[in-house]
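In: predicted model follows, preceded by the sequence.
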Amino acid sequence: SDRPGGAGETGLWMCERKSVSDGWSRATNLGDNVNSNRADLDPFLTPDGLTLLFASRRRLRRWHDIWMCTRRSIGDPW
């Protein structure tokens, strides 16, 4: 999103909910561990919730590279 509060052109944010019948939480920015000051977009979360893949232009190229971050458990930060 390019919403206010991000670190760059576009950044990755997340919402959570406890069950499919519950409402979504407020969007929170994934922070500097994930986002850069360039365009970070098109996230894909693996079914186990431990790997996040996304596109980014952080290397100042004309095209986007694919980036990945992992965590040990769903409760851990990125």
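Out: Sure thing, it's come through.
In: dump the residue contacts of the most centrally placed residue in the chain.
Out: The central residue of the chain, meaning the one whose C-alpha is nearest the mean C-alpha position (C-alpha atoms, centre = their mean), is Leu12 at 3.4 Å. Each residue near Leu12 by C-beta atoms under 8 Å, 6 or more residues apart in numbering is listed here: 1, 29-30, 34-35, 40-41, 43, 52, 54. In this view, the C-beta of every residue, glycine as well, is placed from N, C-alpha and C.
In: buried ones among these?
Out: Buried subset of the contacts of Leu12 (neighbour count, 16 or more other C-beta atoms under 10 Å): 29-30, 34-35, 40-41, 52, 54.
In: same question for stretch 44-55, mean pLDDT?
Out: Averaged across stretch 44-55, pLDDT comes to 97.
In: not counting that stretch itself, show me its contacts.
Out: Contacts of stretch 44-55 with the rest of the structure, by C-beta under 8 Å, 6+ apart, involve 12, 34, 39-43, 64-74, 78.
In: are any of those residues buried, and if so which?
Out: The neighbour-count test (16+ other C-beta under 10 Å) marks 12, 34, 39-41, 64, 67 as buried among the contacts of stretch 44-55.
In: what's the closest of these to Gly5?
Out: For Gly5, the closest of the buried ones among the contacts of stretch 44-55 turns out to be Leu12, at 12.3 Å, with distances computed as C-beta to C-beta.
In: now the closest one. Nearest residue, chain neighbours left out?
Out: Once its chain neighbours are removed from consideration, Leu12 has its nearest residue in Leu30; the separation is 4.7 Å (C-beta to C-beta, 6 or more residues apart in numbering).
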